[in-house]
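S.K.: Give me a 3D structure for the following:
(one chain, ligands or ions: 2)
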Amino acid sequence: MPNLLILGGTTEANALAQAIADLGMPATYSYAGRVDKPRPQPLPVRVGGFGGIDRLVAYLHDNEITHIVDATHPFAAQMSRNAIEASAVAQTKLAVLTRPAWAAQAGDDWRHVPDIGAAVAALSGDPRRIFLAVGRMHLADFAAQPQHHYLLRLVDAPGALPLPNCDVVVDRGPFAEADDRALMQRHGIELVVSKNAGGTGARAKLDAARSLGVPVLMIDRPVLPQRTELASVAQVLDWLDHS
Ligand code: 3Y8
Ligand code: NAP
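M.R.: Ligands and ions are numbered 1, 2, ... in the order given. Below is the predicted model of the structure:
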């Protein structure tokens, strides 16, 4: 019987956790501890960084973990890189549960940039009303473009903000298109800045942007080393059975 570590924090990780709990398989769900009240899970939960690769290796040994499913977000690149390194050292099997990147469809007006820095650079120019829907952790990068009026959406109420001219909505996804459309109309949004998260929980703003004719600045995902990538809970269960 596998003893599984789920690196969580996403809609897909939560679906996997439920399936694993239903099977009664030994597993632990891991959060980084980024938000005040992470969603409860039907599995034992650990919260907080492991303390780097060596401490992750120690965790794997101490807890006799046989399999890791990295079901973190596509932008959680450091966690994913650490999992690759640690699983090789600890001889623990590793697979990634991921979701396809979003692709523009008819009616979309997207401009792709490779990373957060390029997104900041792309915001040079006259003041605009921008829905900066990239969370909290990289807001300081956008202080280089203070001329805009930003609408921020944050999971937790923030402390001091690095942007002089902004409105804050405190909300967590998954989000609905009608709500995002009303939010963007209320704030007169002229541009949406988004990570290419993929999945369903964050795409409402993109569908709302299309219906409003608002352009999107789409930040592409960090490139990660080759790993076993799985696209569904069923594929993970099959992998656990056969690996
Ligand atoms: C702590 C754990 C579910 C899963 C919920 C998904 C969907 C809704 C949409 C917008 C974009 C953003 C952000 C977002 C979404 C899901 C999923 C997703 C984007 C929680 C959660 C944790 C986090 C961390 C948080 C980050 C932030 C990013 C907000 C739980 C709610 C912007 C990513 O304040 C902070 O420090 C927030 C940090 C990492 C990115 C950032 O740079 O700020 N997620 N989000 C996880 C941990 O501690 O390990 O409570 O559920 C999970 C979810 N957020 O079905 O309920 O699967 O992606 N999360 C982005 O896509 O750009 C919001 O507003 O439109
Ligand atoms: P990151 O930058 O890749 O990771 C930085 C460090 O945070 C890691 O090295 C690790 O610390 C710790 N960490 C990250 N995820 C962890 C997890 N699930 N369990 C234990 N420790 C974890 O990660 P991030 O982008 O901040 O993402 C943090 C969490 O938010 C993840 O659960 C991710 O799935 C979720 N999330 C992120 C985004 C996003 O946009 N980045 C969006 C939605 C959800 P140590 O080195 O000390 O082990």
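
S.K.: Can you read off the pLDDT for the closest residue to Leu163 other than its chain neighbours?
M.R.: Nearest residue to Leu163 in three dimensions, chain neighbours excluded: Tyr150, at 5.2 Å (Cβ to Cβ, 6 or more residues apart in numbering). Backbone N, C-alpha and C define where each C-beta goes, glycine included. pLDDT recorded at Tyr150 is 98.

S.K.: can you tell if whichever helix or strand Tyr150 is part of touches ligand 2?
M.R.: For Tyr150, the host element (DSSP states H and E) is strand 149-154. No: judged by Cβ under 6 Å from any ligand atom, strand 149-154 and ligand 2 are separated, with a smallest distance of 12.3 Å.

S.K.: Excluding chain neighbours, what is closest to Ile65?
M.R.: Leu5 (4.7 Å).

S.K.: Just to be sure, the one you found is in a strand?
M.R.: Yes: according to DSSP: H, G, I helix; E, B strand; the rest coil, Leu5 belongs to a strand.

S.K.: Do you know the pLDDT at the closest residue to Arg221 other than its chain neighbours?
M.R.: Computed as Cβ to Cβ, 6+ apart, the closest residue to Arg221 that is not its neighbour in sequence is Pro74, at 4.5 Å. pLDDT, Pro74: 97.

S.K.: Double-check Pro74 against Val223; I have them as touching.
M.R.: No: judged on Cβ atoms under 8 Å, Pro74 makes no contact with Val223 at a distance of 10.4 Å.

S.K.: before we move on, the earlier item: the residue nearest to Leu163: what's it in contact with?
M.R.: The contact partners of Tyr150, by Cβ atoms under 8 Å, 6 or more residues apart in numbering, come to Ile130, Phe131, Leu132, Phe142, Leu163, Asn165, Cys166, Asp167.

S.K.: of Pro74 and Val223, who's got more company?
M.R.: Neighbour tally, Pro74 and Val223, criterion other Cβ atoms under 10 Å: the higher count belongs to Pro74, 21 against 8.

S.K.: and that one, backbone torsions?
M.R.: Dihedral pair for Pro74: phi -60, psi -20, per degrees, to the nearest 10.

S.K.: Check the gap between it and ligand 1 for me.
M.R.: Distance, Pro74 to ligand 1, using Cβ to the nearest ligand atom, to the nearest Å: 9 Å.

S.K.: how many other residues sit next to the residue lying closest to Ala176 once chain neighbours are set aside?
M.R.: Spatial nearest neighbour of Ala176, excluding adjacent residues (Cβ to Cβ, 6+ apart): Ala204 at 5.5 Å. The local packing of Ala204 (other Cβ under 10 Å) involves 20 other residues.

S.K.: what helix or strand does the most centrally placed residue in the chain sit in?
M.R.: Closest residue to the average C-alpha location of the chain: His73 at 3.5 Å, with Cα atoms, centre = their mean. Take DSSP H and E as the rule and His73 turns out to sit in neither a helix nor a strand.

S.K.: Let me know the pLDDT of the residue nearest to it when sequence neighbours are not counted.
M.R.: Nearest non-adjacent residue to His73, counting by Cβ to Cβ, 6+ apart: Thr10, 5.3 Å away. Model confidence at Thr10, given as pLDDT, is 97.

S.K.: ok, Thr10 - how many residues close by?
M.R.: Counted with other Cβ under 10 Å, Thr10 comes out at 22.

S.K.: same question, Asn14
M.R.: Neighbours around Asn14, by other Cβ under 10 Å: 19.

S.K.: same check, this time on Ile189
M.R.: 24.

S.K.: check contacts around it.
M.R.: Arg129, Ile130, Phe131, Leu151, Leu183, Leu212, Val214.

S.K.: Could you do Pro225 as well?
M.R.: With the criterion set at Cβ under 8 Å, 6+ apart, Pro225 makes contact with Arg81, Ile84.
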